[in-house]
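J.: Sequence first, predicted model second:
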Amino acid sequence: AFGALVQSAVACPARCSCSGTTVDCYSRSLASVPVGIPNNAQILYLHVNQITKLEPGVFDSLTALTYLSLHTNQLTALPEGVFDKLGKLTHLDLHKSQLTTVPAGVFNRLVNLQNLFLNQNQLSALPAGMFDRLVHLKELYMCCNKFTELPRGIERLTQLTHLALDQNQLKSIPHGAFDRLSSLTLAYFFGNPWDCECRDIMYLRNWVADHTSIVMRWDGKAVNDPDSAKCAGTNTPVRAVT
C-alpha cells in the first residue's frame, strides 16, 4: 500500500511537468485534459492548448485545486457541473476559449472563487443567477465579448475590486447596478457603443463622474482615463453628457 501511495504522490501526466502540487501542462499541444493528474494538485495550468471539449467529471477527483487556467483553448462550450467538485478554487481563467454560452449554475459550487476570467470569448448573454454564489469574487473580467446588456447579478458582487466590461456591445447600465460595489478600484467601460441619446445613460454618466480615479483604459497596462467611456458614434465622453 505504501508503494502505491508513493507512486501516486509522484505521478505526473506524460506531457506535463509537476512540481510539488503544481501541474504544468501549458502549451503542450494537448487535445484533451490529460489523464494522471495527481489528486493533490492545487495549481493546474492547461492554457494554450488545443482542448476542444471538457468531458463531464474531468476535474471531479481534483478537489484540492485552488487555481485552474484553461485559457486559449477551443472549448466553445462547458459541460454542466464540470466545476462542481472544485469548492476550493479561487482562480478560474477561461479567457480566449471560444465560449459561445455557459450552462446555468456552472459556477454555483465555486463559493471561494476570487478571480474569474471570461474575457475574449463569444458570449452575448449569461444565464440568470450566474453570479449568485460567488460572494467572494474580487476580479471579474468580461471584456471583448458580445454582451448587449449588463449580465444580471453583478450588482450583488459587493467584494469586487476589478470589473472589466470594455469592448462589448453595451448601450447603458441599469440604474443602481453599481451602487453596492463600494470596493471597486479598477473599472473598464471603453469600447462600448454607449447610447448617449437615451436618458438611461445618466446612471453611468453620474457614476463615472463620481469615480473618475478608478475608470481605466488598457494600454498595455491600466491607465486612468475617465473619458475612455465614449458615446456611440462620437468622441464625446459619457461623463460630459448633460
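T.: Perfect, I can see it now.
J.: Pull out the buried positions in the helix or strand hosting residue 206.
T.: Taking DSSP states H and E as the definition, residue 206 sits inside helix 201-210. For helix 201-210, the buried set under the neighbour-count rule, 16 or more other CB atoms under 10 Å, comprises 201-205, 207-208. No exception for glycine: its C-beta is placed from N, CA and C like everyone else's.
J.: Repeat that for stretch 65-81.
T.: Applying 16+ other CB under 10 Å to stretch 65-81 flags 65-73, 75, 77-78, 81 as buried.
J.: separation between residue 150 and residue 169?
T.: Residue 150 sits 11 Å away from residue 169, taking CB to CB, to the nearest Å as the criterion.
J.: These two: which is more packed in?
T.: Taking neighbours as other CB atoms under 10 Å, residue 150 and residue 169 compare with residue 150 leading, 18 against 14.
J.: right, and that one touches residue 176 too?
T.: No. Applying CB atoms under 8 Å, one finds residue 150 not in contact with residue 176, separated by 11.2 Å.
J.: secondary structure class for the residue nearest to residue 85 when sequence neighbours are not counted?
T.: Distances taken as CB to CB, 6 or more residues apart in numbering place residue 60 nearest to residue 85, at 4.6 Å, with adjacent residues excluded. Per DSSP: H, G, I helix; E, B strand; the rest coil, the secondary structure class of residue 60 is coil.
J.: Mind pulling up the pLDDT for residue 60?
T.: With respect to pLDDT, residue 60 scores 98.
J.: For the chain, just list every one of the strands.
T.: 17-19, 22-24, 43-45, 67-69, 91-93, 115-117, 139-141, 162-164, 186-188, 215-218, 222-224 (DSSP state E).
J.: so can I have TSV of those strands showing mean pLDDT?
T.: Shown next, in TSV, are these (pLDDT from 0 to 100):
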stretch	mean pLDDT
strand 17-19	98
strand 22-24	98
strand 43-45	99
strand 67-69	99
strand 91-93	99
strand 115-117	99
strand 139-141	99
strand 162-164	99
strand 186-188	98
strand 215-218	96
strand 222-224	96
